[in-house]
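Asker: predicted model follows, preceded by the sequence.
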Amino acid sequence: QVQLLESGGGLVQAGGSLRLSCAASVLSTSAMGWFRQAPGKERECVATISWSGGSTYYSDSVNGRFTISRDNAKNTVYLQMNSLKPEDTAVYYCAVKRGAFGAYRLASSYDYWGQGTQVTVSS
């Protein structure tokens with residue numbers, strides 16, 4: 001069983017930055033990802049990263065503004081969010097896909113999820 005703990009969410013003005021972190025209790029070979037869900041909307045993939053960190057995926061809405069990275073020695077994945085917009089407001093979740101080397105976009109393929117951290121961007 002893998003437990004995930006997200007941190008770094010909060011309230012920020014439009015144009016500002018936040019850095020999310022997600023620490024895993026244990027982490028073998030796995031893909032990791034960040035997803036988000038706004039009120040009344042479906043959960044969407046924001047960014048994912050392969051086990052080695054060499055392959056990443058970004059949604060069109062965040063590409064060029066967000067950066068995903070990981071530190072396997074610390075069992076941690078990060079999401080650096082710059083130039084934040086009000087439409088980025090959502091609960092952000094990190095997720096782990098066991099035994100995976102690539103970067104995967106499909107939420108249903110992930111095995112473990114964190115409890116979520118709220119990001120609110122004011123205009």
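Answerer: Yep, that arrived. Fair warning: this is a prediction, and the values are worked out from it, not measured in the lab. Residues are numbered from 1 along each chain as shown.

Asker: spatially central residue in this structure, please.
Answerer: By CA atoms, centre = their mean, the chain has its centre lying nearest to W34, at 2.0 Å.

Asker: what's that one in contact with, if anything?
Answerer: Residues near W34 by CB atoms under 8 Å, 6 or more residues apart in numbering: 20, 22, 45-48, 68, 77, 79, 92-95. To be clear about C-beta, it is placed using only N, CA and C from the backbone, and glycine gets the same treatment.

Asker: equivalent analysis for A100, please.
Answerer: Listed by CB under 8 Å, 6+ apart, the contact partners of A100 are 29-31, 50-51.

Asker: that one and S108, how far apart?
Answerer: 13 Å (CB to CB, to the nearest Å).

Asker: distance from the chain centre to the helix or strand hosting the residue nearest to the centre of the chain, please.
Answerer: In the assignment (DSSP states H and E), W34 maps to strand 30-37. Distance of strand 30-37 from its chain centroid, counting by CA atoms, centre = their mean, to the nearest Å, is 5 Å.

Asker: so for that strand, mean pLDDT?
Answerer: For strand 30-37, mean pLDDT rounds to 96.

Asker: strands paired with it, and their directions?
Answerer: strand 44-49 (antiparallel), strand 90-98 (antiparallel) (DSSP bridges).

Asker: closest one to N72 among those strands?
Answerer: Closest approach to N72 among these (CB to CB): strand 44-49, 10.6 Å.

Asker: which parts of that closest one are buried?
Answerer: 45-49 (16 or more other CB atoms under 10 Å).

Asker: give the contact list for the closest residue to S50 other than its chain neighbours.
Answerer: Nearest non-adjacent residue to S50, counting by CB to CB, 6 or more residues apart in numbering: A103, 4.7 Å away. Going by CB under 8 Å, 6+ apart, A103 touches 31, 33, 48-50, 55-57.

Asker: secondary structure element holding L79?
Answerer: Assigned by DSSP H and E, L79 falls in strand 76-81.

Asker: so what does that strand touch, helix or strand wise?
Answerer: strand 18-24, strand 30-37, strand 44-49, strand 66-71, strand 90-98 (3 or more CB pairs under 8 Å, 6 or more residues apart in numbering; DSSP states H and E).
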